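# sequence? don't have it. structure:
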């Protein structure tokens, strides 16, 4: 492998220039990428939260990685954020055997133990959910948003809380964010954020009308951006709405509400019909398909109500965007 390229990759990792890493490595023909290059690519994809892509890269060098604790750690991290906790546990335990006592590995193993214990308790206490969750099941109220007790809507793992969840916004903070975005945020969304400001929902799939989209059955979201700027993944954060739109070249139609697992897709509040102070529609924008805009819902409340969890996917569903 080119030593100069390796030095650039290391420098870019230090500077958090992950897109540069991905672009540089993908320019190398796939058959010419060695173990080190693929590890760099998988690591960068993890840092860009493109976890499924990272898993695919790491699995392509699985045989070579069996005795490398970093390989196990990095694929374990990707599995963890994909909520594939059993795969993550196996990977982190392997990393721990190869490099005993690593604090980060131990922390992930503890999170996995806590997470699986929580899910086991919830399974024993709750009745099975049928098809899509209803208003009652996630306690959505017509006026104020999510009920304060509806914690089942959110996946509040320690890692997700640390990365995405902010303190409830004050009216002044909401106004400041709206001024910066130049858009009035929907009342339902604002009240929802006052109870739980951003995060990763357990319900991450939204069925797409076949009238609107001939190719896909549903879209998947990664998170719901909170009101604020303290966390990178909040509306006005370092990786927030304006940054996503400008860096990704997305259309100037409103505000990014949700990121998607694919780095080329977002869910947006679309103000084209309503104007900047009106009630926006919700749309999906796919950069990889020439910024195709797919209409999802007439408003945020309808979008939230329409989300389903993984267990509620139709039996014949093969995948998602």
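That came in fine, so what should we check first? Quick caveat: nothing in here was measured; it's all calculated off a predicted structure.

# so where do the helices sit in this protein?
Per DSSP state H, the chain carries helices over the ranges 3-14, 18-26, 35-47, 51-59, 62-65, 69-81, 85-98, 103-125, 135-138, 158-164, 171-181, 187-195, 241-248, 300-306.

# out of those helices, which is closest to residue 276?
Between residue 276 and those, the tightest spacing by CB to CB is seen for helix 171-181, at 9.0 Å. From N, CA and C alone the C-beta is placed, and that goes for glycine too.

# could you give me the average pLDDT of that closest one?
On average, the pLDDT along helix 171-181 is 95.

# what sits up against it?
The set of residues that contact helix 171-181 without belonging to it, under CB atoms under 8 Å, 6 or more residues apart in numbering, is 169, 184, 185, 190, 227, 228, 229, 235, 236, 241, 242, 255.

# next, give phi and psi for the fifth one.
Note on residue 227: its backbone torsions stand at phi -90, psi 120 [degrees, to the nearest 10].

# count the residues that sit near the residue nearest to it when sequence neighbours are not counted.
The spatial neighbour of residue 227 that comes closest, neighbours along the chain excluded (CB to CB, 6 or more residues apart in numbering), is residue 169 at 4.3 Å. Other residues near residue 169 number 22, with proximity taken as other CB atoms under 10 Å.

# settle this for me: residue 169 is touching residue 197, isn't it.
Yes: checked against CB atoms under 8 Å, the pair residue 169 and residue 197 is within contact range at 6.0 Å.

# hmm, which helix or strand of the chain has the shakiest average pLDDT?
Using mean pLDDT, DSSP states H and E, the weakest-scoring helix or strand in the chain turns out to be helix 135-138, at a mean of 30.

# quick check, central residue of this structure?
When the chain is reduced to its mean C-alpha position, the nearest residue by CA atoms, centre = their mean turns out to be residue 222, at 2.4 Å.

# and the contacts of helix 171-181, which two are furthest apart?
The most widely separated members of the contacts of helix 171-181 are 190 and 242, with 18.5 Å between them, by CB to CB.

# between those two, which one's more packed in?
Of the pair residue 190 and residue 242, residue 190 is the one with more neighbours under other CB under 10 Å, namely 19 against 15.

# and that one, how far from residue 17?
Distance check for residue 190 against residue 17: by CB to CB, to the nearest Å, it reads 35 Å.

# tell me the domain ranges of this structure?
Using automatic domain parsing, the domain parsing of the chain gives 3-122, 135-312.

# right, and residue 306 touches residue 298 too?
No: counting by CB under 8 Å, residue 298 is not a contact partner of residue 306; they are 10.7 Å apart.

# neighbour-wise, which of the two wins?
Taking neighbours as other CB under 10 Å, residue 306 and residue 298 compare with residue 306 leading, 16 against 13.

# excluding its backbone neighbours, what's nearest the more buried one?
With CB to CB, 6+ apart as the measure, residue 206 is the residue that lies nearest to residue 306, at 5.5 Å, once sequence neighbours are left out.

# ok, residue 53 next?
With sequence-adjacent residues excluded and distances taken as CB to CB, 6+ apart, residue 53 is closest to residue 45, at 4.7 Å.

# again with residue 87
residue 79 (4.2 Å).

# and if you look at residue 59?
If you skip the residues right next to it in sequence, residue 59 has residue 75 as its closest partner in space, 7.4 Å away by CB to CB, 6+ apart.
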